[in-house]
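Engineer: Build the 3D model from these lines:
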Amino acid sequence: MSDTPPDATPQAPGFAALYASQERAAIRDLARAELEKGADAAALARDYAQRGKPDFALAYLLAGDLPDGERRAIYAEAFERRAARTEAKARELDKTFHRAFPMLFSDAAQDRALARRVRDGRGFSQGAGKQLPIM
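Structural biologist: A predicted model of the protein is given here:
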């Protein structure tokens, strides 16, 4: 018989437990250097999320002390912003080269799916959020 009361819900893993494996060492080191100079981790995480940079937002979120719900919201926003920027770039390239770029729309859809997973407090596999640079 379990010691857990029947009405107790299992504790969900924390933000760091879910997403620390996604952190890139080089970006983590850049973030730590900025924080050592006195930068605000939460403000930088929000800034990078607004710019659609989930890798940078994650580094600052892991270094900061925001509540997990707020961290998830910021991290999800970074993926959503990147998806919007990717779709805009695909439309721009379509006009420039007069052909479709379906892989970019696929990348945007993947980013939106990752944002939903983050908002739901679910993890994802290592490398799932990596994107190739768009010129």
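Engineer: In three-state terms, label S125 for me.
Structural biologist: Recorded secondary structure, S125: coil (DSSP: H, G, I helix; E, B strand; the rest coil).
Engineer: Distance-wise, check it relative to F101.
Structural biologist: For S125, the distance to F101 equals 25 Å [C-beta to C-beta, to the nearest Å]. The way it works is simple: take the backbone N, C-alpha and C, and place the C-beta from them, glycine included.
Engineer: Looking at these two now, which is surrounded by more residues?
Structural biologist: Using other C-beta atoms under 10 Å as the criterion, S125 and F101 rank with F101 on top: 18 against 8.
Engineer: show me what contacts that one?
Structural biologist: Applying C-beta atoms under 8 Å, 6 or more residues apart in numbering, we find F101 in contact with 90, 93-94.
Engineer: Could you tell me the phi and psi values at it?
Structural biologist: Backbone torsions of F101, given as degrees, to the nearest 10, read phi -130, psi 70.
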